[in-house]
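Participant: okay, here's the prediction I keep looking at, along with the sequence it came from:
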Amino acid sequence: MDQNFWPKIPETTIVLKNSDDYVFLIPEKPDWIHTNGNVASLLLACDEKKTLQEILDTYKEHPNFNEAKDLIEKLIENNFFDNTSNTEKHIKPSSLYSLHLNMTNLCNLKCIYCYAKERDNTSKDILTLDELTR
């Protein structure tokens, strides 16, 4: 489970409350969860303002913490949370400005844009297409 995940319950979620029972309905999936007030407060904290780790840290002293954590893990696995833009919003800038991939070691050293030095073309350590797309 990615502790730096910024969970957010979908905006269209309907929350029904009856005493200490809560039902979270997501009409467009369709999906629903029936839970108690403690887990409901944990789910309601999933507003994409805190990382999963920060949310779990506030609940770690709770007696049902492990069960709640297991539920969150299952919800993440089943795409319960609405995080279509999660990654883009929270990527931290890095110093990587460009990436060059040599698709093959077979080089005739004659292209006008390449600065490659003379090299041995006999290497068999070439990535497969599957490895490149991971």
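Facilitator: Noted; the coordinates are in hand.
Participant: can you verify my assumption that Trp32 contacts Phe24?
Facilitator: Yes. The pair Trp32 / Phe24 is scored as a contact, 6.3 Å apart, by Cβ atoms under 8 Å. Just so you know, the C-beta spots here come from the backbone N, C-alpha and C atoms, and that holds for glycine as well.
Participant: who has more neighbours, the two?
Facilitator: Ranked by neighbour count (other Cβ atoms under 10 Å), Trp32 and Phe24 place Phe24 first, with 21 against 14.
Participant: contact partners for that one?
Facilitator: Neighbouring residues of Phe24 by Cβ atoms under 8 Å, 6 or more residues apart in numbering: Ile9, Thr13, Ile14, Val15, Trp32, Ile33, Thr35, Ala40, Leu43.
Participant: if you set the cut-off to 6 Å instead, what comes out?
Facilitator: Thr13, Val15, Ile33 (Cβ atoms under 6 Å, 6 or more residues apart in numbering).
Participant: so how far is Ile26 from the second one?
Facilitator: Distance check for Val15 against Ile26: by Cβ to Cβ, to the nearest Å, it reads 10 Å.
Participant: more crowded one of these two?
Facilitator: A direct count of neighbours by other Cβ under 10 Å for Val15 and Ile26 places Ile26 higher, at 18 against 13.
Participant: ok, that one touching Pro10?
Facilitator: Yes. Using Cβ atoms under 6 Å, Ile26 makes contact with Pro10 at a distance of 5.3 Å.
Participant: confirm that Val23 sits in a helix.
Facilitator: No. In this structure, Val23 is strand, not part of a helix, as judged by DSSP: H, G, I helix; E, B strand; the rest coil.
Participant: please name the residues that touch it.
Facilitator: Contacts of Val23 (Cβ under 6 Å, 6+ apart): Leu16, His34.
Participant: so it bridges to which residues?
Facilitator: Leu16, His34 (DSSP bridges).
Participant: which residues in this protein form helices?
Facilitator: 37-44, 52-59, 65-77, 86-90, 129-132 (DSSP state H).
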